[in-house]
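Test case, fold it:
(one chain, ligands or ions: 1)
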Amino acid sequence: MEHEFWHERWAKDQIGFHEGTVNQYLHDHWAELAGQGNDAVLVPLCGKAHDMWWLHDRGHPIIGVELSDIACKDFFEEAQEKASVHPGEPFTVFRHDNLQIWCGDFFQLVPDDLKHVRLVYDRAALIALPKEMRKRYVEHLTAVIPDGTKILLITLDYDSEEMQGPPFNVTDQEVFELYGDDYEINHVLKRDMARDNPFAKRRGLRNGAAESVFTLRKK
Ligand SMILES: C[S@@+](CC[C@H](N)C(=O)[O-])C[C@H]1O[C@@H](n2cnc3c(N)ncnc32)[C@H](O)[C@@H]1O
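Numbers count the residues shown, from 1 in each chain. The predicted structure follows:
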């Protein structure tokens, strides 16, 4: 997806992907991945997800990465929290305690930026990207996170004849193809989305859809 596409979505407030509450899979499966520790977390393509406050409340230092400065500003304003803003290239950093949002292009991250990161939370990041970009995304992620980093990944699979992404359909098989060489993969669960789920109804998914949760560990 081009940057302009996402800037326009934020400018027009077309952000149906924003949950406005903590993601259920994060809530249910984070401890399996992270234990009770407080390792640093990368949240790629983070939007203004409340999930970052939830992780912050558990003591994790956070780096969220997000293209849209509208999202970055709204994230703090809507929580009535203040952030100091540190303009820079290629990222402007919004900082509140040890929660940072780096405003800029994920593909500009370099390994030095993430030396301290041990965990990644990917909800609606991989599946926000079309197929050819997903490969590039995983290659870049793998290049910048340290070995041993663990990922909680949530995907969505549906009949691509019925709907055009984003979110794009990512099969379980594609997850194994994308990550299989460099990661240990655990397919934690697959859950059918109810046909009367508001998202499925709105997007005309008559054949339904399924969400999967994976935990990965970079070898
Ligand atoms: C589908 S949304 C998901 C946001 C968030 N993960 C959530 O669960 O609400 C994808 C987000 O990725 C951002 N984005 C897209 N391409 C990006 C890039 N190259 N670098 C950083 N952010 C990007 C978009 O602006 C958008 O906010």
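
Output the lowest-mean-pLDDT helix or strand in the chain as CSV - backbone C-alpha positions only.
In the chain, no helix or strand scores lower on mean pLDDT, DSSP states H and E than helix 198-202, which sits at a mean of 84. Included here for helix 198-202 are C-alpha records, laid out as CSV according to Å, rounded to 0.1, in the frame of the first residue of the first chain:
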residue,chain,number,x,y,z
PRO,A,198,-20.3,-6.7,12.1
PHE,A,199,-17.0,-6.8,10.1
ALA,A,200,-18.0,-9.9,8.1
LYS,A,201,-21.4,-8.4,7.5
ARG,A,202,-20.1,-5.0,6.5
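
mean confidence for the helix or strand just after it?
Per DSSP states H and E, the first helix or strand lying C-terminal to helix 198-202 is strand 209-218. For strand 209-218, mean pLDDT rounds to 97.

what residue ranges in the chain are flagged as low confidence?
For the chain, the stretches flagged by pLDDT under 70 are 1.

Close to the ligand: what parts of it are there?
6, 17-18, 45-47, 49, 65-68, 71, 105-107, 123-125, 128, 166 (CB under 6 Å from any ligand atom). Heads up, the C-betas are built off the backbone N, CA and C, glycines and all.

Quick check: ChimeraX command selecting the buried ones in the residues you listed.
Buried subset of the residues of the chain next to the ligand, written as a ChimeraX selection, criterion 16 or more other CB atoms under 10 Å:
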select :6,17,45,46,47,49,65,66,67,68,71,106,123,124,125,128,166
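
buried ones in the least confident helix or strand of the chain?
199-200.

got a list of contacts for that helix?
With contacts defined as CB atoms under 8 Å, 6 or more residues apart in numbering, helix 198-202 is touched by 16, 193-195, 205, 208-209.

Show the buried residues in those.
Burial by neighbour count, judged by 16+ other CB under 10 Å, picks out 193, 205, 209 from the contacts of helix 198-202.

Output those residues in TSV, with distance to P146 appended to each entry.
Converted to TSV, those look like this (distance: CB to CB, whole Å):
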residue	distance to P146
M193	34
L205	38
A209	34
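
ok, the residues you listed vs D159, which is closest?
L205 (7.2 Å; CB to CB).

check contacts around K115.
Shown in contact with K115 (CB under 8 Å, 6+ apart): P146.

Check which element follows the longest helix seen in the chain along the chain.
Ranked by number of residues, the top helix in the chain under DSSP state H is helix 131-144. Later in the chain than helix 131-144, the nearest helix or strand by DSSP H and E is strand 150-158.

from the chain's centre, how far out does that following strand sit?
Computed by CA atoms, centre = their mean, to the nearest Å, the chain-centroid distance of strand 150-158 equals 9 Å.

What is that strand packed up against?
With contacts taken as 3 or more CB pairs under 8 Å, 6 or more residues apart in numbering; DSSP states H and E, strand 150-158 sits against helix 24-34, strand 117-123, helix 172-179, strand 209-218.

and the last one, what does it pack onto?
Using 3+ CB pairs under 8 Å, 6+ apart as the contact criterion, the elements in contact with strand 209-218 are helix 24-34, strand 150-158, helix 172-179, strand 183-193.

ok, now the second one?
Secondary-structure packing of strand 117-123 (3+ CB pairs under 8 Å, 6+ apart): helix 24-34, strand 40-44, helix 51-57, strand 150-158.
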